[in-house]
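[1] got a sequence here, can you model it:
(chains A, B and C)
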Amino acid sequence: MTSGAEPLLSVRDLVQEFVVRDYGGVKGGVVNAVSGVSFDVWPGETLGIVGETGSGKSTLARSVLQAPRPKSGAVVFRGADLVTLRGSSLLQARRHLQMVFQDPFGSLDPKWKVRDLVAEPLIAYRVGDRAARRRRVEAVLELVGLDPAGHGGRRPRELSGGQAQRVAIARALAIEPAMIICDEPVSSLDVLIQAQVLNLFEQLRAELRLSYLFIAHDLALVKQVSDRVAVMYLGKLCEVGPGEAVYRQPLHPYTRALLDSVPGAATARPAAIRGEPPSPVHPPSGCRFRTRCPRAEQRCADEEPAMRELATGHSVACHFPLVPVAEVTVRSEERIGETPR
Amino acid sequence: MNRVSTASGPLLEVENLRVSFPGRRSELRAVNGMSYSLYPQRTLAIVGESGSGKTVSCRALMGLLSQAAVVTGSARFRGVELLGLTDDEMRRHRGTNIAMVFQDPSRSLNPTMKVGNQIAEAVRVHQRVSKAEAGQQAIELLRLVHIPVPGRRFHEYPHQLSGGMRQRVMIAIALACRPKLLIADEATTALDVTTQAQIMDLLLELQAELGMTLMLISHDLGLARSCADEVIVMYAGQIVEQASTPQLFARVRMPYTQALFEAIPRLERPSHAPLPVIGGRPPDLSALPAGCRRLPRDHPAARRTRTRPPLGVLASH
Amino acid sequence: MSAPLPDLRPAPDAAIAAPVRKKARGRASTLRIWIPAGFLILLAFACFIWPQIYPVPKPVGGSILEAGLPPFSPGHILGTDPNGNDVLSRILYGGQVSFEVGFSVTVIGLVVGGLLGMAAGYWRGITDTSIMRVLDVLIAFPALVLALAIAEGLGPSESHVIWALAIFSIPATGRIARSATLAIREQNFMLAARLSGTRGWRVIGRHVIPNILPQLMTFALLGFGIVIILEGALSYLGLGIPLPEPSWGSMIAQGQQVLSAAPEQALIPSAFLFATVVALNLLGDGLRERWGVR
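    Numbers count the residues shown, from 1 in each chain, chains lettered A, B, ... in the order given. Below is the predicted model of the structure:
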C-alpha cells in the first residue's frame, strides 16, 4: 500500500440514523443508514465504495462531511476530528475536503453563472483579492477542459450534462482540496461522456495528487477508478481490499453476487441473487446479508461478523468467507494500488 | 437466449421510419430512416445514447407520440401497418399484440390504486371477464412474475413495494393479455445491478415460456451482449450497426459501436487505465446534415490504432 | 449491412438549451404579460403623473351648483358626484390611494414576512417554531375586524389601513416564503454552497432569495389585488380613507345612495376597481407561466 504517513481521512465506527415519521409526526421507526463503518484513505489514494440502493453509501458520504453530523463515530481529516468541531473551526478543518454530486444540474444553483459558481469557495474562504480569484477561476476552468471566456458567463441550463459536471469539479478544485468525495459523479451521464469525465478524474488525480472517495453502484466503474474497493451492504462494510484482489478473489458472498450480476460478464452467470433487500428500519440480526446469502447458517443470525484481515490489505466481515482462512495466501508481489511516489 | 428461428416471416417489419418534431426554428429529426426486421421469438436489443432515437422509434410503433410528431415510413406487425392507425385501432393492438414496459415503475403505476387492481384493469381492457375473474388472472400473473405470496401482494399499494417488485408488477400488467411482442424501454436502468439481473432473467424466462418476442431498449451494450440475439446500434436517429450478437462482439465494429464498447468500464481492465474515447457529443438533432457522410480519414475513430486521445479532445464537451 | 456513419466530428460548441427555450415562449405568453402590465402602467401614470402636469379639477371642494352632472358634460368627462366634485378627478386621486395602500402593504409583507419565512424555513428548529407561532397569531386576527377596531380606536386614516392590512399580509407572505425555502433547502446546490464555505445569511441572500423570488413575486401581485379590494371594502364601510378624501370604496358607498337615479356614480368606481384587480391577476398569472412557478 502506501508508505508510513498518517491516513488523510480516517473514519471510525461511523453511525448515522434517521427517524422515520408516520402520519401526524409520530415516530415510526429508525432507519439505520450507516451502522458502524470504519476505513482509511491514504494521501494520493482512491478508495472506491460500491453499494446498491439502500446500502447507505450516499449517507456515508454526507456524514463524513458532517451534513448532517453523524450520530456517533469519528471522522479524522488531516488530524482534526470533524465530528467534534463546530462553526468556523469546522469550516476551516473541512476546507480541503470537497464533494461532487450525482446530478450536475442539481448541485449548481440555476440562477448563478459558471464563473460565480466556481468562485464561491474562494470568496467564502477569503482567498486572494478579486483579481487573484478571477485568475484562479480561469485556471481551474481550463484545467477541467472548459473555456473561461465561452463558458464562464453561462448559466447551468445552458450547459450539457458533461459540461455541468465539469463546472462542479472545477468548483471542488478551486480551493485546492486534498480529497474529493465523489457521489455517483458519472451515473447520470451518457456512456461516452462518462468516459471523458472519468478520464478527467484520472488526469486530475495524477496532476494534482488528489485523493478520492469514489462512491458508485457500478462495481466495474469503481474498480476502474480506485486503488482499493470497499463493498457496502445495508449500512455496513462487507469487504475491503485492493481492486484487483476483490475482483479476482472476492471473499464475501455479496461481492460474489455483485460480480455475477454484471451484465455481459465474461463468465457464465449462475442464478442471480435471490430475494429483496431487507428494510433498513429492521435490519436482520447478526450478519445483515444472511437473508439472501446462500451460505448462511445459524451462527450468522446469532453473531455479527467482525472485519478480519485475511490477506494483506484485504479484509472481510463474514463467518464463512468464500475462501477459507487457511487458503488465502499473502500476495506480497501483487501490491496493486501502490501509489507511485 | 433463444435460438429458435422460424420460416413464417418477420413479426415486425420496419421500413424507413422517420420521426420528426416541428420546432420553432427548424424541425427536430429524432428518427432518420430506420429499417429492420424482427422475427418471432427472437430478442432484439436497440442500443444508443440519449438522443439517439431509440425510445422515440418504439413509441412511434406503439402510437404513443404526441400529436405534433410527424411520422413517415412503414412499420408492419404481421403484415398490418401500425403507423397511422386511429386511437381505437391502436388500442386493440396494444396489450394483445404489443406491450411495453417503461423505465421508472414509480411513475407508471397509479399510486392510489392497489397493484392487483391495476393488473386486473389491464386484463379487463382486452377481455370481457368479470371483476372476480380478472382478479384471479391478476394473481396468476403475479405468480408468473415470481412475486411471492401473490394473494397478499394483490392488495398492496405501489409505495409498499421495492423498485424490483414494482417493475415486476409493470411486467405483469404488460403481460395481462399475452402480447406477442414485449418492448422493454430501459426497463432495468433505474434498478440496482442485482435486481437488474433478476428482472432480465425473468424476462428471458417469460419469453421462453410464453413464446414472446422481446425488444430491449437500452444504453447498455453489456446488457445487449448477455441477453439479445440481435443488436441494433443507433446514433442521431440512424442505425449505424446491425448484427447478430455473436457477430457484433467477435469482429471489428463500426467506429461508433467500438467507441461505445470501449468506453464502458470493465472489470478485466486494470485500475486507472484511461478509457479510449472520442470527442464530441450527441449531435444537435435540429441541425443534422442532409444525406450521409463518411468519417474523414483523419478522424481519431477512423483510425484503427488505439492511441490515447490528446487531452485537448476533452475540451470539446 | 449498416448505414453510412454520420459525422462524428465534435459539434461546434453552441449553447444547447438556450435557443429552444427562448423561442418556445412565443408571442402569446409575452402578450399575456405586457397587456395587463401596460394597463397598470397607464393607470398608474394617469393617477400619479397626469394630475401633476394637467390641470385636473380638484377632487374635493366642489360647488353644489355643479352637483350631479351626467358623464360627457362639458369640463367633466365623467360627470360630477352629489357634492359637485369631478368624478374623473376623484377616480384618479382615489386610484392613488389604492396603489399606495396596495404597494405599501405588499412591500411590508414581502420584506418582513419574506425574511421571517426564509429564516424559519432555512434554520428550522426553534427558530422555525417560534416564528411560525407568531405568524399563526397574526393570521388568526380577522383583518377587517382588526381594521374596524383600529379605525374606531385611533380614527380612520390611510396609514392605519396600511398597518391593519399588513398584519394580514406578513403571515401570508411568510408562509409562502417558508414553504418555498423548505422546498429548495434540500436541493444539492444548497448543500454544495454550504460545503463551499458560504454561511447563514449569505446563503439566504445569494441562493435562497434568487430562487424563491419568482414564487414570492407572483404571490405578491395576487396579494396586491386582494389588498386593493380590502381597502375598498374598508373605505366603503367608512373605516378606511376618511371623507371627503376620495377612495374607490367610499365612492361606491356614495354611489349606492343614488343608485336608481344615477347608477354611474357607483358603477364607474366599481369598474375601475374590477379592471385593476383583474389586470393584477392576469399579470400574476402571466409571470407565473413565464417563470415556471407552480
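
[2] next, residue B:14: phi, psi?
    phi -110, psi 130 (degrees, to the nearest 10).

[3] ok, it to residue A:205 distance?
    Per C-beta to C-beta, to the nearest Å, residue B:14 is found 46 Å from residue A:205. (C-beta placed from N, C-alpha, C; glycine too.)

[4] more neighbours: which of those two?
    Relative neighbour count places residue B:14 above the other of residue B:14 and residue A:205, with 23 against 19, counting by other C-beta atoms under 10 Å in any protein chain shown.

[5] let me know the pLDDT of the more buried one.
    pLDDT for residue B:14: 93.

[6] give the contact list for it.
    B:34, B:35, B:36, B:37, B:38, B:57, B:61, B:73, B:74, B:75, B:76 (C-beta atoms under 8 Å, 6 or more residues apart in numbering or on different chains).

[7] hey, what's it bridged with?
    residue B:36, residue B:75 (DSSP bridges).

[8] strands of the chain, start to end?
    Going with chain A. Taking DSSP state E to define them, one finds strands in chain A at A:9-21, A:27-41, A:46-51, A:72-77, A:80-81, A:97-100, A:179-183, A:211-216, A:228-233, A:236-242, A:308-311, A:314-316.

[9] meant chain B, my bad for not saying
    Using DSSP E, strands in chain B cover B:12-21, B:28-38, B:43-47, B:70-77, B:80-81, B:98-101, B:181-185, B:213-218, B:230-235, B:238-244.

[10] all helices for the stretch 51-200 of chain B, in order.
    For the stretch 51-200 of chain B, the helices defined by DSSP state H, counting those that start in this stretch occupy B:54-62, B:87-96, B:105-108, B:115-126, B:131-144, B:150-153, B:163-174, B:193-210.

[11] need those in JSON lines with mean neighbour count, mean pLDDT and distance to chain C, can you?
    Shown next, in JSON lines, are these (neighbours: other C-beta atoms under 10 Å in any protein chain shown; pLDDT from 0 to 100; distance: least, C-beta to the nearest C-beta, whole Å):
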{"stretch": "helix B:54-62", "mean neighbour count": "23", "mean pLDDT": "90", "distance to chain C": "14"}
{"stretch": "helix B:87-96", "mean neighbour count": "14", "mean pLDDT": "83", "distance to chain C": "27"}
{"stretch": "helix B:105-108", "mean neighbour count": "16", "mean pLDDT": "80", "distance to chain C": "17"}
{"stretch": "helix B:115-126", "mean neighbour count": "21", "mean pLDDT": "89", "distance to chain C": "27"}
{"stretch": "helix B:131-144", "mean neighbour count": "18", "mean pLDDT": "91", "distance to chain C": "35"}
{"stretch": "helix B:150-153", "mean neighbour count": "15", "mean pLDDT": "89", "distance to chain C": "32"}
{"stretch": "helix B:163-174", "mean neighbour count": "25", "mean pLDDT": "90", "distance to chain C": "21"}
{"stretch": "helix B:193-210", "mean neighbour count": "19", "mean pLDDT": "88", "distance to chain C": "24"}
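
[12] let's have these in JSON lines, adding distance to residue A:233.
    Output for those, formatted as JSON lines (distance: least, C-beta to C-beta, whole Å):
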{"stretch": "helix B:54-62", "distance to residue A:233": "33"}
{"stretch": "helix B:87-96", "distance to residue A:233": "39"}
{"stretch": "helix B:105-108", "distance to residue A:233": "23"}
{"stretch": "helix B:115-126", "distance to residue A:233": "27"}
{"stretch": "helix B:131-144", "distance to residue A:233": "28"}
{"stretch": "helix B:150-153", "distance to residue A:233": "25"}
{"stretch": "helix B:163-174", "distance to residue A:233": "16"}
{"stretch": "helix B:193-210", "distance to residue A:233": "10"}
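
[13] out of the ones you listed, which is closest to residue A:242?
    helix B:193-210 (21.3 Å; C-beta to C-beta).

[14] which other helices and strands does the closest one contact?
    helix A:253-261, helix B:163-174, strand B:181-185, strand B:213-218, helix B:221-227 (3 or more C-beta pairs under 8 Å, 6 or more residues apart in numbering or on different chains; DSSP states H and E).

[15] want to throw the ones you listed into TSV with distance to residue C:173?
    Below are these laid out as TSV (distance: least, C-beta to C-beta, whole Å):
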stretch	distance to residue C:173
helix A:253-261	51
helix B:163-174	40
strand B:181-185	44
strand B:213-218	48
helix B:221-227	51
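
[16] how many other residues sit next to the spatially closest residue to residue B:32 that is not a sequence neighbour?
    Once flanking residues are discounted, residue B:32 sits nearest to residue B:237: 3.5 Å by C-beta to C-beta, 6 or more residues apart in numbering or on different chains. For residue B:237, the neighbour count with other C-beta under 10 Å is 27.

[17] for residue B:237, what are phi and psi?
    phi 80, psi 0.

[18] confidence score at it?
    89.

[19] quick one: low-confidence parts of the stretch 1-150 of chain C?
    Low-confidence segments of the stretch 1-150 of chain C, defined by pLDDT under 70: C:1-26.

[20] and the helices in it?
    Using DSSP H, counting those that start in this stretch, the helices of the stretch 1-150 of chain C run over C:17-44, C:50-53, C:87-108, C:114-123, C:125-140, C:143-154.

[21] so what's residue B:134 up against?
    B:120, B:121, B:123, B:124, B:127.

[22] picking that back up, among the helices of the stretch 51-200 of chain B, which is nearest residue B:184?
    Of all those, helix B:193-210 comes closest under C-beta to C-beta, at 6.4 Å.

[23] can you give me the angle that closest one makes with strand A:46-51?
    Put simply, helix B:193-210 runs at 40 degrees to strand A:46-51, going by axes from the mean of the first three to the mean of the last three C-alpha atoms, to 10 degrees.

[24] quick one: helix B:193-210 to chain centroid distance?
    14 Å (C-alpha atoms, centre = their mean, to the nearest Å).

[25] now do stretch B:153-163
    So, by C-alpha atoms, centre = their mean, the centroid of stretch B:153-163 is 25 Å from its chain's centroid.

[26] list the buried residues of it.
    Buried residues in stretch B:153-163, defined by neighbour count with 16 or more other C-beta atoms under 10 Å in any protein chain shown: B:153, B:154, B:158, B:161, B:162, B:163.

[27] now do stretch C:234-252
    For stretch C:234-252, by 16+ other C-beta under 10 Å, it's C:234-237, C:239-243, C:245-252.

[28] hang on, the earlier thing: any idea which of the strands of chain A gets closest to residue A:166?
    Here strand A:97-100 is closest among these (C-beta to C-beta), at 10.0 Å.

[29] who does the closest one pair with, and is each partner parallel or antiparallel?
    When DSSP bridges is applied, strand A:97-100 pairs with strand A:179-183 (parallel).

[30] got the CA positions of the strand it pairs with in CSV?
    Listed next in CSV are the C-alpha coordinates belonging to strand A:179-183 (Å, rounded to 0.1, in the frame of the first residue of the first chain):
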residue,chain,number,x,y,z
MET,A,179,-9.5,15.0,-1.2
ILE,A,180,-12.7,15.0,-3.2
ILE,A,181,-15.7,12.8,-2.3
CYS,A,182,-17.5,11.8,-5.5
ASP,A,183,-21.0,10.6,-5.0
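
[31] in strands, which of the buried residues of stretch C:234-252 appear?
    Among the buried residues of stretch C:234-252, no member falls in strands (DSSP E).

[32] before we move on, back to that, ok, so of the buried residues of stretch B:153-163, who is nearest residue A:131?
    residue B:163 (51.0 Å).

[33] so that closest one sits against residue B:192, correct?
    Yes. Residue B:163 is within contact range of residue B:192, at 7.4 Å (criterion: C-beta atoms under 8 Å).

[34] overlap in contacts, the two.
    In contact with both residue B:163 and residue B:192: residue A:53, using C-beta under 8 Å, 6+ apart.
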